[in-house]
Every structure is written in C-alpha cells, then in structure tokens.
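>>> Got a sequence here, can you build the structure:
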Amino acid sequence: MLARATAGECNATFINVVISDILDMYIGESEKKLHAIFEQARQNTPSVIFFDEIESLAAKRQHTREATSAKLVSQFLSELDGFAQNNHGVLILGATNVPWALDPAFRRPGRFDRVVFIAPPDVDARTDILKGLLKDRPGGESVDAQKIARLTSGFSGADLMNLVETAVDEAIDHSIESGEEVPLNQTFVKEALKEVNPTTLEWLTMARNYAKYANDSGQYNEVLAFLRKHGK
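Numbers count the residues shown, from 1 in each chain. Predicted structure coming up:
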C-alpha cells in the first residue's frame, strides 16, 4: 500500500512484481523476464517498480547452491545500476520480512540503500483498523473498538482481521445453537482474543538478535528503537 501510495503521489506508473512474474524453470528465462520489467519501467517514466518478497530474487549468493540463482542476482544488480542502464525516473521499492537474507550487494548506495521499518500498528491505528473491519457487520457498532485495540498490542492488521473473523464465527455458532440470529458483540470479540495471538512477536524476537548483533550499517536502528519502547 505504501508503494502504491508513492506511485500515486508521484503520478507515476505502478508496476507490481510478484515472484511468479519472474521465476521460470528454463535457464535464462528469469533473467529475461526481469530485464523486460525494468525496460517497461524505463519506457514509462516516471514509474515505480515494487518487488514483493524480494528475498526470493535477491538472496545471499553464498547461501545458494544453484548457479541459476546467482545469475539472477547478478542480473538484478546489473538492472539496478549497470553501466548500460539508465534508471532515471524509475523508483525501485522492495518488501521483505527477512532483510538479513538479502545479498549485501543490494544494500550499497544507489541500490536498496534506504530501509523503512513498518512496525505493528499502534493503539490508534488498531482502533481505526478495527472500526473498518467492524463496519457493516451485524452488531459491529456495539463493539468498543478502542477498548479492543488496547487489548491487542502487537497485533498486525491481518491479526486483527483474524480476530474479527473468529468473533463472527462465534456469533454464527451461537446463532445455529439458538435457532435465531445472534449479532456480533463485545463478548464474542473477547472470547476470540483467547484463541487469536499476535503473529508479529516471533518475527520481533528474531529481529532483535539481528538488530543487536548485526547492525554495523545502522539499518536496524528503527527496529531497536521500537524494541526499546515496546520490548516489555
């Protein structure tokens, strides 16, 4: 959503790239597809290319045994700032849950040299997300979104959606048992909280080690600041 918003603010062509758009079982085809995407962006400037799960295309070369993967990484690097390439007017963004898995060459100046940490939503953001998820749900207006938001520290947007869906399932089960429609209410959401746990905690635990012991370049400073503030 940040990538799409960036393209919108710049009035730029938005090119969303997923793994299946690039990876191919035939030797050399992946590199051709990657080159074609960059060429499309260069011919339609200003443009924004967004690579989702970029670690699949830019993993550390010493961790792969396949020469084809190393060639794809080399092609990617060449497309970013190769001597024969002109990316003026092209903004290249990537998203990953494992930034430590990227080949260090991608972190050099002029490539992916800026890192933005997208933290789990704070209480105000969670309140807004819950209000959106509860809107138009039968009984959703009876749920105190702000109170639930205070009970869901560490929940991502997807976790909150799972919470609401679980609460809806509770309401449906009660409707079946009682033989009449039972709308969603605060009690069902609180019951759902006993089943749904935040999925960000495992990632933050893993990220803490990298942020503490592999932060020479300072790319994990935002993660460290978040952990210091919310670690407990």
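>>> Ile19 reaches Ser56, doesn't it?
Yes. The pair Ile19 / Ser56 is scored as a contact, 4.9 Å apart, by Cβ atoms under 8 Å. The C-beta positions use only the backbone N, C-alpha and C, and glycine is treated the same way.
>>> between these two, which one's more packed in?
Ser56 (16 against 13; other Cβ atoms under 10 Å).
>>> Convert the longest helix along the chain to CSV, retaining C-alpha atoms only.
Ranked by number of residues, the top helix in the chain under DSSP state H is helix 157-178. The C-alpha trace of helix 157-178 is given here as CSV (Å, rounded to 0.1, in the frame of the first residue of the first chain):
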residue,chain,number,x,y,z
GLY,A,157,-3.7,-5.8,10.5
ALA,A,158,-4.0,-9.4,9.4
ASP,A,159,-4.1,-10.5,13.1
LEU,A,160,-7.0,-8.0,13.7
MET,A,161,-8.9,-9.3,10.7
ASN,A,162,-8.4,-12.9,12.0
LEU,A,163,-9.7,-11.7,15.4
VAL,A,164,-12.9,-10.2,13.9
GLU,A,165,-13.5,-13.3,11.7
THR,A,166,-13.1,-15.6,14.7
ALA,A,167,-15.6,-13.5,16.7
VAL,A,168,-18.0,-13.6,13.7
ASP,A,169,-17.7,-17.4,13.7
GLU,A,170,-18.5,-17.4,17.4
ALA,A,171,-21.7,-15.4,16.7
ILE,A,172,-22.6,-17.8,13.9
ASP,A,173,-22.2,-20.8,16.2
HIS,A,174,-24.4,-19.2,18.8
SER,A,175,-27.0,-18.4,16.1
ILE,A,176,-27.0,-22.1,15.0
GLU,A,177,-27.4,-23.3,18.6
SER,A,178,-30.2,-20.9,19.5
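>>> Check which element follows that helix along the chain.
helix 186-193 (DSSP states H and E).
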